[in-house]
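> below are the sequence and a predicted model for it; my questions follow.
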Protein chains: 2
Amino acid sequence: MESPTLFDQAVALTQASDDGFAGHTSAAYGNMVGPFGGVTAAQAIQAVLLHPKRLGDPAALTVNFCAAVADGPFSITARPARTNRSTQHWVIDMQQDGETVLTATAVTAVRRETWGATECNPPVVPAPADVNRVDGPFGVEWINRYELRFAEGGFPAQWDGAEHESSRTQLWVRDNPPRPLDFASLTAMSDIFYPRIWRRRATPVAAGTVTLSIYFHTDSDQLESMGSDYLLGQAQAQAYRNGYFDHSGQLWSETGDLLVTTHQMVYYKQ
Amino acid sequence: MESPTLFDQAVALTQASDDGFAGHTSAAYGNMVGPFGGVTAAQAIQAVLLHPKRLGDPAALTVNFCAAVADGPFSITARPARTNRSTQHWVIDMQQDGETVLTATAVTAVRRETWGATECNPPVVPAPADVNRVDGPFGVEWINRYELRFAEGGFPAQWDGAEHESSRTQLWVRDNPPRPLDFASLTAMSDIFYPRIWRRRATPVAAGTVTLSIYFHTDSDQLESMGSDYLLGQAQAQAYRNGYFDHSGQLWSETGDLLVTTHQMVYYKQ
């Protein structure tokens, strides 16, 4: 058995009651204020994944970031609100000092083989080895936990306020050090896209995700078969208006299977 | 004052306790089984809109359809889980006979003017008057409550099982009879797109939305200024796999402002 990585340590939870779990933020995934939201989302789905009553794999997750998560301990309640024959609906709440800092809902499902198709194909980009690896622009810690190779739309080279027509980013990403993919790490990587408003405006506007949804088009077997392959990510904003913008994103496997579609609404200051 | 429309009646709720509301399904919005999901989602946000403690306008809504809603009464709990200076996070639960049939979360926000832009522009389609109005294919009641004018991707003309490359639909839509837009009707119209798998496969596969998210890029003043204008809607699936597909959609004003971006994950049988 391999030794636990920093990601494994970050999403480690202890069951404290029927629906209750205890965890602790990870300094290794620290952001400018509090932890990287992707890891907070991963902690939320981890409570479902660890729950003894769970039915099936995650099919959808929506996480709402209600307040800055403080460095330190937290508790998570993950409650199965409705269990059907093949689907289960979860209501999740993360608290610190008796205050809600995150709410979430999730759907897990037992899936079976059906007709399938993909309409959103991966963009054509160079192979991971042919794309430069970069560090983040602000020296935040969590960026070091990922290998980021931007094929298009990397961090602004100059914060010169020049407005760009498109906020689209395309990148290869994997855990650093490489770690076998699972639903928790896939959840965290669904939030890998830095704020689209930075790409659009080349201005470091204060911004933070308010709500994030992830739809999973994969299963445990497929994730296991991928090992620690790179994922190809893409994201682009649709509208920025009066303090909030959204983006729509995708994660494909290294071999081109669409694994995740994801959306988020992001607060920005000006 | 105008007399209440069937939509007004459908989303009418009575406050029963601090966070509790009572309502009743509307036969006028009946679907094949139970009510049209868009109106159920509108009832969920209506509980927030009517709540005396609400801060600001809806910015985001995620609704999870946990079980078929039965024709008859229901209760909704809408609880402000966290109230910040300019944002508020809501947890919503709809019950029938003591069982949860819907869970939801919402974010409301007091918004102020900032820099803004749109990256997702409306498709070029003929004006509403130049696009044929159609009825639904199955004679379900709720379809009659909307004026639907498909510029692209209407209901399959023949259910011949011919596979199409794209599931994209573009349509003009408004309430029938016309009714001034508000957040409740905008929520319902965000679910106006019939299952993308029907468009893709020209096969009436059993399908039902499991989770729906709506991001609002508008406010009460803008909605009021639009009166009962048509909205331009667009939706397209991204992936269909093992019983679930997603779609990504948009609603623009008649004059081309992006009002809503929306996403859903839909169960399908085969």
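That came through fine.
> check the offset of the worst-scoring helix or strand of chain A on mean pLDDT from the chain's centre.
Least confident helix or strand, chain A: strand A:133-134 with a mean of 94, by mean pLDDT, DSSP states H and E. With Cα atoms, centre = their mean, to the nearest Å as the basis, strand A:133-134 stands 19 Å off its chain's centre.
> check which element follows that strand along the chain.
Using DSSP states H and E, the helix or strand that follows strand A:133-134 in sequence is strand A:146-152.
> A:Leu102 contacts A:Leu61, correct?
No - using Cβ atoms under 8 Å as the test, A:Leu102 is too far from A:Leu61 to be in contact (11.7 Å). In short, each C-beta sits where N, CA and C put it, glycine included.
> between the two, tell me which one has more neighbours.
Ranked by neighbour count (other Cβ atoms under 10 Å in any protein chain shown), A:Leu102 and A:Leu61 place A:Leu61 first, with 28 against 25.
> name the residues of the stretch 101-250 of chain A found near chain B, please.
Within the stretch 101-250 of chain A, the residues that sit near chain B (Cβ under 8 Å from any Cβ of the partner chain) are A:101, A:103-105, A:107, A:109, A:111-120, A:165-167, A:200-201, A:210-211, A:213, A:215, A:217-219, A:236-244, A:246, A:248, A:250.
> assign A:Trp172 to helix, strand or coil.
Using DSSP: H, G, I helix; E, B strand; the rest coil, the structure places A:Trp172 in strand.
> what sits against it?
A:Val125, A:Pro128, A:Val131, A:Glu147, A:Leu148, A:Arg149, A:Ala151, A:Tyr230, A:Leu231, A:Leu232, A:Gly233 (Cβ atoms under 8 Å, 6 or more residues apart in numbering or on different chains).
> sorry, back to before: show me what the least confident helix or strand of chain A is in contact with.
So strand A:133-134 is contacted by A:Glu147, A:Leu148, A:Arg149, A:Phe150, A:Gly154, A:Phe155 (Cβ under 8 Å, 6+ apart).
> for the first one, name its beta-bridge partners.
Read that as A:Glu147. Here A:Glu147 sits in beta bridges with A:Arg174, as judged by DSSP bridges.
> how close does it get to A:Asp229?
12 Å (Cβ to Cβ, to the nearest Å).
> now the common contact residues for the two.
Both A:Glu147 and A:Asp229 are contacted by A:Arg174, under the criterion Cβ under 8 Å, 6+ apart.
> where in chain A is pLDDT low?
For chain A, the stretches with pLDDT under 70 are A:1-2.
> the strands in it, which residues?
A:14-15, A:20-24, A:57-65, A:73-83, A:87-96, A:99-109, A:117-118, A:133-134, A:146-152, A:169-175, A:207-216, A:231-241, A:244-253, A:258-268 (DSSP state E).
> list the contacts for the nearest residue to A:Pro126 once chain neighbours are set aside?
Excluding the flanking residues, the one nearest A:Pro126 by Cβ to Cβ, 6 or more residues apart in numbering or on different chains is A:Ala151, at 6.3 Å. Residues in contact with A:Ala151 (Cβ under 8 Å, 6+ apart) are A:Pro123, A:Val125, A:Pro126, A:Val131, A:Gln170, A:Leu171, A:Trp172.
> can you report how many residues lie near the second one?
It refers to A:Val125. 17.
> how much space separates the closest residue to it other than its chain neighbours from chain B?
The shortest distance from A:Val125 to any non-neighbouring residue, by Cβ to Cβ, 6+ apart, is to A:Ala151 (3.7 Å). According to Cβ to the nearest Cβ, to the nearest Å, A:Ala151 and chain B sit 19 Å apart.
> kindly report the same for A:Ala206.
Using Cβ to the nearest Cβ, A:Ala206 is found at 11 Å from chain B.
> so is the longest helix seen in chain A next to chain B?
Secondary structure of chain A per DSSP state H: the longest helix is helix A:37-50. No - Helix A:37-50 stays clear of chain B (Cβ under 8 Å from any Cβ), getting no nearer than 12.1 Å.
> and that helix, how far from the chain's centre?
A distance of 9 Å separates the centroid of the chain from that of helix A:37-50, by Cα atoms, centre = their mean.
> what's the angle between it and strand A:87-96?
130 degrees (axes from the mean of the first three to the mean of the last three Cα atoms, to 10 degrees).
> buried residues in helix A:37-50?
With burial defined by 16 or more other Cβ atoms under 10 Å in any protein chain shown, the residues of helix A:37-50 counted as buried are A:37-50.
> what of stretch A:144-157?
A:Asn144, A:Arg145, A:Tyr146, A:Glu147, A:Leu148, A:Arg149, A:Phe150, A:Ala151, A:Gly153, A:Gly154, A:Phe155, A:Pro156.
> could you work out the end-to-end span of it for me?
18 Å (Cα to Cα, to the nearest Å).
> in stretch A:196-212, which residues are buried?
For stretch A:196-212, by 16+ other Cβ under 10 Å, it's A:196-202, A:205, A:207-212.
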